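Peer 1: Predicted coordinates and the sequence they were generated for:
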Amino acid sequence: IRDRKVEARRMGRRERCVTLESQLLKFRVQASKIRELLAEKVQVMEEKLKAADVQTSEAETSLFRRCQDLQTLLQEKDDIIALLEQQLEEQKQIRLQEAKIVEEKAAKIKEWVMLKLHEVELEPRFARVLLFCMYLHAIYSERHEQHSSWTVEVHPRTLTVMFTHLYIQSSSSSSSSKTACPIWGRGELEPNPATQGKRLEGRGQTQDGTPFRRRAPQAGLEPQTHRRAGPAPTHCTTAPLTIHSVQNIKLVSQVDTFCPFFCLIDFTLPFLNMGSAVSMSSMTSESDYAIPPDAYSIDTDVNTSLVLDEPLEKSGYLLKMGGKEKTWKRRWFVLKAGELLYYKSPSDVIQRPQGQIELSATSSIARSEGKQTLQLVTEKRVYYLTADSPNLLEEWIRVLQNVLRVQAASPLFAQPEIRPCMKGLLTKVKHGYSKRVWCALIGKTLYYFRSQEDKFPLGQIRLWEARVEEVDRSCDSDEDYESSGRSLLSTHYTISIQPQDQGPTYLLIGSQHEKEAWLYHLSVAAGTTGGQVGTEFEQLVAKLLQVGGDPGSQIWRHPMLCFSKEGLSSPLTTLPSQALQTEALKLFKMCQLFINVAIDAPAIDYHVSLAQSALQVCLTHPELQNEIYCQLVKQTRKRQLQGQPGPLQGWQLLALCVGLFLPQHPFLWLLQVHLKKHGETRTEVGKYAIYCQRSVERTQQRGERQARPSRMEILSILLRNPYHHSLPFSIPVHFLNSTYQVVGFDASTTVEELLERLNQETGIRRTSQSGFALYTDDPSGQGLEHSLQGKIKICDIISKWEQASKEQHTGKSEGTRTVRLTYKNRLYFSQQIRGETERERLLLVYQTNEEIIGGCFPVNKELALEMATLLAQVEFGDFERPFSSLAGSGSKSSQTLNQVLERFYPKHYRQGCTDDQLRQLRQRLSARWGSLRGRSSPDCIRIYLTVARKWPFFGAKLFAAKVGASSTVWLAVHEDGISVLEYTSMRLLVSHSHKNLMTFGGCRDDFMLVVGQSLGSSTAKDKPTGKHLFVMEKPKILEMTLLIASYINSAHQQKSAAHHLSAPALMLGQPVDLKSNELNSKSSLASNRPSKVPTLL
C-alpha cells in the first residue's frame, strides 16, 4: 500500500511536470508571436515616419513655389496700378484743358450779353427779357457743342435774383403808383378748361396750353411762396396777358400792368436743374401735373423716400465684360420693370434676350476706377458695364439707383404676396396740385401709383403717428371741380393726412361709405383712432386695444361684443360700399344658421354647403374677411350648454376660417386675445381654440389660401376635434406598383412639405435629386394627369378638384369622387443614377412598364417577354409549378400567368392572338419564370433597369403628334433637348438641344418649336432658324411646354452657372454637346447617354 501511494505520488509529479512543460512551451510560442507582431508594428511605424518626412519636404517645396508665384503676381499688379495711375494723370490734364476752354468761351458769351444789355438800357422791359432769353439760348447751344465734356446748369434761385434785378431797374422809370408783385415759383395753379383760348384776368397758361389761375389764399393764412432771399412780396393787380414764344421759352407779356417775370416764364429748356428730386419728364409730361421744386421731400423722409417721377426705365448700348471669357462685348441693354435685359442689337428685343441681370434690394452700384465703367453687384455675380461717355454713365447710374431705392424702400418687392388693407382710385391733392392715382394701404404706409397695373409706386406716405382727419373742403368752390371733368361734384369728401413735421396731403373720395372705410383704416395705420372713428364694434376694439385686452375690463361685457340671437341691423366693420354692407348682413345670417342648426350626420351636407358659401363670399370680397371674424368672435362668446347647438359649432366654423385667411390689424389682435382666453385642454371649446391658435401661426407662415374648404376638410373639422392630431387631414398617395402611402397634412401644407414628408416615410431622396413629382388625375376622368407645383397648398388642390368635378358630373354621385394623387418620376437626369435608393429603382421599373404597355418604349416580342418575366418575379416571387398543357384554364397558375400578361406584356402584341398562340405564350412565360427561381427582387430590378437604360431615350417623356395631314411622330422631351422619333420604329429623325430653342409652346391649336439650329438626318443643309408645328391635344401641349421649361430650369439650378430665369430666357444657358452628325441609329444627344439599343438578357 505504501509503495502504491509513493508510485501514485510520482505519477502525479510527472503529470504536473508534463503539464508545466506544455504550458511553458505555449508561453514560448506566444512570446515569439508577440515579438513578430512587435517587429511588424515597428517596421510599419518606420515606414510611416519615412513617408511623413517625404510629404513634409514636398509640402515645403510646394509652399516655396506658391510664394514665388504670389510674388510674381504682386509685381504684375503693381505694374498695372502704376500704368493706371499714369493714365489717370493724363485724363486729369485733358479735363483741365477742356475746362479752361469752356471758361474762356463762357467769359466771351457773358461779355457779349453785357454789351448788348448796355446798348438796350433805355429800351422797353420786354426787350430786356427777350435778350436774356437769347443769352440762355446761346448757353444752350454752346452746351450742345461741348455736350460730351461739360454741362451748364442754371439754378432757379440765380434766375430769381437776375429777374428781380431787371424788375427793379425797369420799375424806376415807371409810375410810383404801381404795386410790385411777389416773385412766385411754380406755385398754387389750378387748370380751368372753361376759359381756355380767351383773354384772362390775372391768368396765364400751363405748358400744354391749359389756362390756369392763381388760387386766392384762405382767410387768416399768408400766401405760400418759395423761400428765397429778397424783399417781402406783395400782391399785383390783374391785367390782360398775351402769350409769346421764343426758343422753347414761353413768355407772358403784360399790356397794362407789369407782373413778375419769374411767375410768367415757363422754363422748359432741358438744362435747367429744378432740384435733385425733380425730373424734366415730369415737368413737361402732359399726363402729369406741374410739380414745384420742393414737392418731393414732403411725403417721406429724405433717407427712405421713394424716387417719385424719376425715370425707372432706360435702354442703350453698353460694353459688358464676359463671365468666363474676360472680354468686352457690346450689347443693347433694356431696363424695365426692375429687370435688366441685354440683346445683341435693338432689333432683337422682340426675341429672347441674351441674358438677364436681376436687380433686388441687396444689389449695389459702384463706380470703377479709370474709364466710364460701373460695377453692378448682385446676389449671384459682379457685372462690369462701360458706357460710351461719362454723361451716359451718369444717366445709367441715376436710373439704376432709382430702381434699387424703390425696391429697398417698399415692402411691395420684399413681400409681393402681401394684401393691402384698402385700395382704390382716389384724387391726391398736395401743394395745390391734384392727380388721380391708385392708392393701396399696406401696413402703416400708403402707396400711390399711376394706375392699378403699375409695379413701381409714384410715392408713399408714412402714416405712423400722422394726423388723419376729415375736412370740409380742400378747394375754393365746387364749380372748379364740376368744370374740371374729374367726376368730383359737390358731394365729394376729403381726408387730410399730415405726418409729423410735414405738410398735409388731401385725398378726395367720391362716396360716403368709401370715405368712412378709408378714414378708419388710415386712422388705424396711424395709430390715432382713440375709439372715435369706425363702427361701434370697431370703437370698442380700439378701447380694448388701449387697455391691452384686460380680461377684467367692463368693455368685454358690452352687448355688441357678446352672443346675439337677433340679426344685425348694420355691419360690425366699416365697409366701402352699400353692396358690401348688404353682403355682410347676409353673411351673419349664414353664420347664425350654421351655429344654431344642430349637426345631423345624414344631413351634414347642409352645414358643408353653408360653410362653403360663407367662406367663398369672403374670398370673393376680401373686404368681408374682417367682418366674418368679428361676427364669429361675437357669436362664440357664450357658454356651451350640453346637448344644445351653439358656440361649439361657431368654433368649428372659426377653425375653418383660420386656415384660409386672417383678419387685418386690430382684428387679428382681437382674435389672438380671444383664442388665448378660451384655450384649454379640459373642454371641447378649449381644444378647438388651441387648434385655431396653431392654425393662425401656420397661416401667418405659409400665407393665405386661394380656394374655399373642400368637403373632406369640412367633414374632418365637424366630425372630430382637430386638437388631437397635429396633422388633422390625411390623403393616400398612390404608387405605380399598386401600393399607396397615407400622408398627413394641415390646412396650410404645401406640395413641397407633403413631398418632403412622403420622401422621409418611403425612403426616397429629395425631389431635386430624385426627379419625382406629385400628379393629380383630371376631374373629367379622361385619363389626363397634372403635375403639381411646389408652392400650391394641398387643400386648395382638393377644393378646386372637387369644384371642377361637380361642374362636370352633376348628380347624386358628385360627392363620392375624390382626387387621386400619384407619385412618379417627372424629370430624369443621367446623374441621378448615383445614389438611387431601392424604392426609387422599384418605382422606375413600374413606370417603364407602363410605357412599354402603352407602346411608348421600343421592345420586340422576345425582349417584352423577358422583361415581363422579371416583373413577375418581382411582383409574385417564385413560380409555383411549371406550366402544363393539361392544366385547365381555371387553375391558379394559369390565372397568375394571365394576370402577368395583362399587366406586364404590351397590349399591341396580345391583340389579335389566337387561343393557341396565347397558350404557347403562357408556356414560354412559365418556362422563363421558372428559370428565375431563387432570384431576389433587387436582382431582378437591377437587370430590368440595366436592359431598359440601353435605350438612349430612357426616362424621356414621349408625346404623340402629327406633322402635316397624316404623318405621326413621337416628340421625346429629355434632359438634353427635344427629339423627333419615327412613330413605328422609334428611330431618331432629328434632335434639338435646349440651347437652340428660341420659342416653344402653344400656337393656336398646335405646338410650335422655333429653333436656331437643327441636327438631323435630312439630306438638305441645316437652316439657321426654323419653325416647326405639331398638331397635339391642348392638355398635352400645356404638359409638354411646362416639362421643357422644368428641364431647362433644373439644369441651370444644378449647374449653378446662370441666374434663375423664366423659361424663355433660359434658352441661352450652358451649352450641350451636340456634335454628332451621323444619320443612322445613333442619336445627337450628349455623350453621357448610351448609344446602344436594348438587347435580350
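Peer 2: That came in fine, so what should we check first?
Peer 1: Only C-alpha atoms from now on, for both contacts and neighbour counts.
Peer 2: Noted.
Peer 1: Contacts only, for the closest residue to residue 783 other than its chain neighbours.
Peer 2: Take residue 783 and drop its neighbours on the chain: the residue closest to it by C-alpha to C-alpha, 6 or more residues apart in numbering is residue 777, 6.9 Å away. Residue 777 sits next to 783, 784, 785, 786, 819, 820, 821 when contact means C-alpha atoms under 8 Å, 6 or more residues apart in numbering.
Peer 1: Who wins on neighbours among these?
Peer 2: residue 821 (21 neighbours; other C-alpha atoms under 10 Å).
Peer 1: correct me, but that one touches residue 774?
Peer 2: Yes. Counting by C-alpha atoms under 8 Å, residue 821 touches residue 774, with 6.6 Å between them.
Peer 1: Can you name the residues bridging to the residue nearest to residue 783?
Peer 2: Beta-bridge pairing of residue 777 under DSSP bridges involves residue 785.
Peer 1: That one and residue 925: what is the separation?
Peer 2: 34 Å (C-alpha to C-alpha, to the nearest Å).
Peer 1: Residue 109 now?
Peer 2: For residue 109, the distance to residue 925 (C-alpha to C-alpha) stands at 105 Å.
Peer 1: For those two, indicate the residue with more neighbours.
Peer 2: Set residue 109 next to residue 925 and count neighbours by other C-alpha under 10 Å: residue 925 wins out with 22 against 16.
Peer 1: Against residue 861, how distant is the more buried one?
Peer 2: Distance from residue 925 to residue 861, by C-alpha to C-alpha: 12 Å.
Peer 1: Strands of the stretch 751-900 of the chain, residue ranges please.
Peer 2: 772-777, 785-787, 821-825 (DSSP state E, counting those that start in this stretch).
Peer 1: For the shortest one, give me every contacting residue.
Peer 2: This points to strand 785-787. Contacts to strand 785-787, defined as C-alpha under 8 Å, 6+ apart, come from residues 773, 774, 775, 776, 777, 778, 1039.
Peer 1: repeat for the last one
Peer 2: The list of residues contacting strand 821-825 from outside it, by C-alpha under 8 Å, 6+ apart, reads 732-736, 770-777, 843-844, 847.
Peer 1: Now do that strand against strand 772-777: the angle between them, please.
Peer 2: In terms of direction (axes from the mean of the first three to the mean of the last three C-alpha atoms, to 10 degrees), strand 821-825 departs from strand 772-777 by 140 degrees.
Peer 1: Neighbouring strands - and their directions - for strand 821-825?
Peer 2: strand 729-734 (parallel), strand 772-777 (antiparallel).
Peer 1: same question for it, mean pLDDT?
Peer 2: The pLDDT scores in strand 821-825 average 93.
Peer 1: Kindly report the same for the second one.
Peer 2: On average, the pLDDT along strand 785-787 is 90.
Peer 1: In the contacts of strand 785-787, which residue is surrounded by the most others?
Peer 2: Within the contacts of strand 785-787, most neighbours by other C-alpha under 10 Å means residue 774, with 23 neighbours.
Peer 1: Apart from its neighbours in sequence, what residue is nearest that one?
Peer 2: Counting by C-alpha to C-alpha, 6+ apart, residue 774 lies nearest to residue 823, which is 4.8 Å off, once chain neighbours are set aside.
Peer 1: Am I right that residue 970 falls within a strand?
Peer 2: Yes. Membership of residue 970 in a strand is supported by DSSP: H, G, I helix; E, B strand; the rest coil.
Peer 1: how near is the residue nearest to residue 878 when sequence neighbours are not counted to residue 505?
Peer 2: In this structure, residue 878 finds its nearest non-sequential neighbour in residue 933, 5.2 Å apart by C-alpha to C-alpha, 6+ apart. Distance from residue 933 to residue 505, counting by C-alpha to C-alpha: 87 Å.
Peer 1: Pop out the phi and psi values for the residue nearest to residue 526 when sequence neighbours are not counted.
Peer 2: With sequence-adjacent residues excluded and distances taken as C-alpha to C-alpha, 6+ apart, residue 526 is closest to residue 464, at 4.1 Å. Here is the backbone geometry of residue 464 (degrees, to the nearest 10): phi -60, psi 130.
Peer 1: show me what contacts residue 464?
Peer 2: 444, 445, 499, 525, 526, 527.
Peer 1: Same check on residue 316?
Peer 2: Residue 316 touches 332, 333, 334, counting by C-alpha under 8 Å, 6+ apart.
Peer 1: Which one of those residues sits in the busiest neighbourhood?
Peer 2: residue 333 (25 neighbours).
Peer 1: Give the helix, strand or coil label for that residue.
Peer 2: Assigned state for residue 333: strand (three-state reduction, three-state DSSP).
Peer 1: Relative to residue 374, how far out is it?
Peer 2: Note on residue 333: its distance to residue 374, by C-alpha to C-alpha, is 14 Å.
Peer 1: now swap in residue 1048 and tell me
Peer 2: Between residue 1048 and residue 374 the computed distance is 31 Å (C-alpha to C-alpha).
Peer 1: Between those two, which is the more surrounded one?
Peer 2: residue 1048 (26 against 20).
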